[in-house]
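*Asks:* need a structure here:
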Amino acid sequence: MWAALSAMIVAVAGCADGNGDDPEESASGAYPVAVERATFAPHQHVGQRSVLTLRVRNAGSRTIPDLVVTLHGLSDRVAGRDAWLVDEPPVGVTASDDTWAAGALAAGRTVTLRWAATPVVAGARELRYEISPSAVSGGRTTLPGGGDARGALTVRVSDRPAQARVVPGTGAVVRGE
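*Replies:* Sure thing, here's the model as predicted:
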C-alpha cells in the first residue's frame, strides 16, 4: 500500500513540466510592479463610509501568477472593536486574514482593488499594504526603484459626525467636511 501511495505522489509531483504549471515554480523570482494609485480618505468620521483604492500595474515582461495584496490595519481591534467594518471587500478573498488575491496579471496590465469600509473607532491609524506574486510562493514583487512592493496610508478618524444637510424638495443628502 505504501509503495502504491509513494508512486502516486511521485507521479503527481512529476506533473510540473517547467512551463509554469507549478505555482511554486511560476511565482519564483522578482516581479516588477508599479503602484499607480493608493488612496484612502486621510480624514474620516466614525460611521462614514470611505473607499480604499489600490491600483497596481505589472511593470515586468512576464505574467504575475496570482497578484496578492495583504492589507494590515484595516481589521485591527481597538478597545475590543474592529477599527473599520469592511462593507465591500474586493473580489478574491483568501484563507489568510487581510489578504486578497486578484488573479493572474499579464505584463503591462493593471488591476484595481477597492475596499469600501466604515470606521468604527476614532483615532489615527496607519494602513500598510504588501503586494506579492502569489500566496504560495517565495517570489516577490519589486517597485521600479528596486524596493519591495509595499506602502502605507495614514488616516485620522474623527469621533464627530460628518457635516451633512438635506436639500429641501429633493431629499438629497449633501455631505461635507
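
*Asks:* For the residue nearest in space to the middle of the chain, give its distance to residue 123.
*Replies:* Centroid-nearest residue in the chain, with CA atoms, centre = their mean: residue 69, separated by 3.3 Å. Taking CB to CB, to the nearest Å as the measure, residue 69 falls 24 Å from residue 123. Using the backbone N, CA and C atoms, a C-beta is placed for each residue, glycine as well.

*Asks:* SS state for the residue nearest to the centre of the chain?
*Replies:* The three-state assignment at residue 69 reads strand, by DSSP: H, G, I helix; E, B strand; the rest coil.

*Asks:* So which residues of this structure form strands?
*Replies:* Secondary structure of the chain, counting by DSSP state E: strands at 30-39, 43-45, 50-58, 64-72, 77-78, 81-82, 84-88, 99-105, 110-119, 123-132, 140-142, 150-158, 163-166, 173-176.

*Asks:* will you turn those strands into TSV that also has mean pLDDT?
*Replies:* What follows is the strands of the chain, written out as TSV (pLDDT from 0 to 100):
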stretch	mean pLDDT
strand 30-39	96
strand 43-45	95
strand 50-58	97
strand 64-72	94
strand 77-78	90
strand 81-82	90
strand 84-88	92
strand 99-105	94
strand 110-119	96
strand 123-132	96
strand 140-142	93
strand 150-158	96
strand 163-166	78
strand 173-176	72
